[in-house]
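In: one predicted model, sequence on top.
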Amino acid sequence: MADVQVTFKTDQFMQALTPAVSKGLFAAATVGAAKASELVSTKSFPDVSAPGEPPSRDTGQLEESIAAVHPARLGTPLKAFYGASKRYARKLEFGGIIRAKKGKFLVVPVNRLLARRVIARGGGKIKGNPLLQFVPSPKGGGVLVLKDKARIGYGSTFKKIRGKASETFAAGTVVFVLKKQVVIQPRPFMARSAQLAAPAMKDAFVRSAREELMKVATVDRK
């Protein structure tokens with residue numbers, strides 16, 4: 001049986017230790033970020049995730065903002081992290097209240113697919129959209145409804161989702177509701193990714209750190 005003896009010189013080992021740990025931590029964070037992105041893309045528009053589930057993929061911007069950050073960039077050799085850079089990511093993770101920042105009300109879609117197609121057909125805008133009509137509420141706010149009967153084409157992308165190429169909606173169909181605030185229930189994806197990816201993150205850390213340390217090792221096979 002062949003034996004392998006690995007020897008380190010103390011000074012070289014100590015110099016290589018911090019870079020090795022940093023590399024391992026970044027490798028682990030990269031695995032965690034990949035799992036978080038995977039969770040976000042589990043469901044896609046127009047499906048809506050239930051509270052407690054990871055958020056569904058809509059524009060893809062949240063998924064694309066998830067990344068790992070190397071310790072060198074943080075200035076903390078023994079700390080790496082991963083996360084989402086979008087500001088609304090925190091509210092999706094922990095829940096919260098969204099309030100209107102511009103104007104008095106938030107414009108909330110009732111049927112997300114219909115709302116998206118109406119915006120596209122109306123020049124990419126909600127305010128001044130020729131397909132919409134505002135109906136005020138006695139308590140304030142109101143709704144935006146279809147001004148006239150409209151036939152909405154879904155195109156190839158959404159045709160598969162709806163099972164039809166187009167759909168007709170009656171005049172008065174509510175497309176958006178105006179609300180002063182919206183309560184967002186938690187849809188954790190970062191914490192869940194860390195739980196699900198923990199074994200793989202550990203393996204990535206050990207593999208990468210070991211690879212870095214072995215660069216200064218002397219290997220003697222007998």
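Out: Received it, and whenever you're ready, just let me know what you need.

In: what residues sit buried inside stretch 96-116?
Out: Residues 105-107, 109, 111, 113-116 are the ones in stretch 96-116 that count as buried (16 or more other Cβ atoms under 10 Å). Any C-beta I mention is one placed from the backbone N, CA and C, and that applies to glycine too.

In: farthest pair in the residues you listed?
Out: Phe105 and Leu113 (22.1 Å; Cβ to Cβ).

In: picking up where we left off before, need the buried residues of stretch 96-116 in a markdown table with secondary structure, distance to Gln5 and pLDDT, can you?
Out: Shown next, in a markdown table, are the buried residues of stretch 96-116 (DSSP: H, G, I helix; E, B strand; the rest coil; distance: Cβ to Cβ, whole Å; pLDDT from 0 to 100):
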| residue | secondary structure | distance to Gln5 | pLDDT |
| --- | --- | --- | --- |
| Phe105 | coil | 73 | 90 |
| Leu106 | strand | 67 | 92 |
| Val107 | strand | 69 | 93 |
| Pro109 | strand | 66 | 94 |
| Asn111 | coil | 69 | 87 |
| Leu113 | helix | 65 | 86 |
| Leu114 | helix | 70 | 89 |
| Ala115 | helix | 68 | 92 |
| Arg116 | helix | 65 | 88 |
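
In: show me the domain layout of this protein.
Out: Annotated domains of the chain cover 4-95+185-221, 97-183 [automatic domain parsing].

In: pLDDT of the longest one, averaged?
Out: Per-residue pLDDT values across domain 4-95+185-221 average out to 90.

In: and that domain, how far out from the chain middle?
Out: For domain 4-95+185-221, the distance from its own C-alpha centre to the chain's C-alpha centre is 15 Å (Cα atoms, centre = their mean, to the nearest Å).

In: just the buried residues of the lengthiest helix in the chain, please?
Out: As assigned by DSSP state H, the longest helix anywhere in the chain is helix 10-40. Across helix 10-40, burial judged by 16+ other Cβ under 10 Å covers 16-17, 19-40.

In: and stretch 178-193, by the same measure?
Out: Using 16+ other Cβ under 10 Å as the test for burial, stretch 178-193 gives 178-179, 184, 186-190, 192-193.

In: quick check: end-to-end length of that stretch?
Out: 34 Å (Cα to Cα, to the nearest Å).

In: which outside residues touch it?
Out: 32-33, 35-36, 38-40, 49, 51-55, 82-84, 89, 91-100, 104-108, 137, 140-144 (Cβ atoms under 8 Å, 6 or more residues apart in numbering).
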